[in-house]
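> give me a model of this one.
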Amino acid sequence: MSGWLAGSALLIAAVSGARGTWSPCGLSMISAINPLSERSRGNRYWLTAVWFVLGSVLGGLILGSASGVLALAARPLADQRTAALVVAALACLIALAADRRLAGFQLPLHPRQVNELWLTRYRRWLYAAGFGLQIGVGFATYIMTAATYLVVVLAALTGSPALAVAVGAVFGLVRGLAVLLSARCRSAQALRQLHLRMSLLEPASLRAAIGAEALAAGGLGYAAAGMVTGVAALLLAGLILAAGQPVLGRALSRSRHNGDTGVVSSGVVSSDVVSNGRR
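Here you go, the predicted structure:
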């Protein structure tokens with residue numbers, strides 16, 4: 001197992017998990033689980049947030065366990081260090097091409113959100129942990145970047161089930177911690193301001209994911225066969241970046257989609273979430 005491959009897998013897991021915060025589902029969770037909404041339901045926000053993060057980590061562990069099974073299957077390739085690194089670098093370039101919509105290429109986005117009705121049907125621990133689980137597993141809701149697929153590929157190429165589980169846990173933890181962004185929102189206005197800031201930062205989150213994919217491709221290429229392949233991988237990444245679609249336009253078009261929860265659209269909080277501090 002290469003340290004470069006392990007480091008790249010952990011990097012992509014963290015960046016991909018953070019990018020998921022800007023999915024319609026991720027923004028919905030910020031609107032649905034915050035001090036204002038939890039107080040209106042008679043709950044303590046911090047305890048709800050803990051349940052959510054625990055559920056998200058569990059989802060990440062499930063993702064990591066599935067990746068671990070793939071790691072066992074891929075162990076013969078992982079034992080061939082150079083070949084595994086080359087495949088990993090190519091996977092990064094493919095993910096980059098998908099995120100840049102190169103020649104119209106993209107990976108499935110799975111446009112699904114969690115069911116908001118859980119908020120009124122189930123107890124706090126169940127809806128919070130249940131929402132977190134679905135978000136933490138990565139593929140149960142909106143997929144905001146091809147780096148989510150790349151997490152599984154890189155974890156599998158390590159050939160180590162234990163490391164694959166750790167990569168999944170990092171992904172789930174980062175996705176779950178996003179619920180803490182609303183920790184200081186004690187009013188509807190504060191929540192709206194948070195969503196406005198999130199909307200402004202959304203293009204940067206996609207650029208970060210794309211940058212991590214390009215950086216990982218170059219690093220893995222260098223680890224595979226030295227400076228020449230590393231530079232070649234970076235040049236290919238640069239060509240993909242230059243030939244792909246603009247980041248800003250596509251990122252904003254995604255955030256404008258309003259799914260079945262009806263909680264957030266373009267970072268605007270709906271009146272049913274915060275109306276006089278009550279649902």
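
> for residue 213, give its distance to residue 27.
Residue 213 is 23 Å from residue 27, where distance means Cβ to Cβ, to the nearest Å. In this view, the C-beta of every residue, glycine as well, is placed from N, C-alpha and C.

> neighbour count: those two, which is higher?
residue 213 (32 against 29; other Cβ atoms under 10 Å).

> these two touch, right, that one and residue 147?
Yes. Using Cβ atoms under 8 Å, residue 213 makes contact with residue 147 at a distance of 6.0 Å.

> need the residues touching each of those two.
12, 95, 99 (Cβ atoms under 8 Å, 6 or more residues apart in numbering).

> mean confidence score for the strand or helix carrying the first one?
Here residue 12, judged by DSSP states H and E, is contained in helix 3-19. Mean pLDDT, taken over the full extent of helix 3-19, equals 96.

> gap between that helix and the chain center?
Centroid separation between helix 3-19 and its chain, computed with Cα atoms, centre = their mean, to the nearest Å, is 11 Å.

> please apply the same query to stretch 232-241.
Relative to its chain's centre, stretch 232-241 lies at 23 Å (Cα atoms, centre = their mean).

> now do stretch 95-108
Distance of stretch 95-108 from the chain centroid (Cα atoms, centre = their mean) equals 16 Å.

> what is the end-to-end distance of it?
Length of stretch 95-108, first residue to last, Cα to Cα, to the nearest Å: 12 Å.

> stretch 106-114 now?
End residues of stretch 106-114 are separated by 23 Å (Cα to Cα).

> what does stretch 132-152 give?
19 Å.

> show the average pLDDT along it.
If you average the pLDDT values across stretch 132-152, you get 96.

> do the same with stretch 36-47
In the prediction, stretch 36-47 has an average pLDDT of 94.

> okay, it in CSV with CA atoms only?
Extracted in CSV, the C-alpha atoms of stretch 36-47 (Å, rounded to 0.1, in the frame of the first residue of the first chain):
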residue,chain,number,x,y,z
LEU,A,36,-34.4,27.7,16.3
SER,A,37,-36.2,24.7,14.8
GLU,A,38,-35.2,22.3,17.6
ARG,A,39,-36.4,24.8,20.3
SER,A,40,-39.8,25.0,18.5
ARG,A,41,-39.9,21.1,18.7
GLY,A,42,-39.0,21.1,22.4
ASN,A,43,-35.6,19.6,21.8
ARG,A,44,-32.1,20.6,22.7
TYR,A,45,-30.2,21.4,19.5
TRP,A,46,-26.8,20.0,20.6
LEU,A,47,-28.2,16.6,21.5
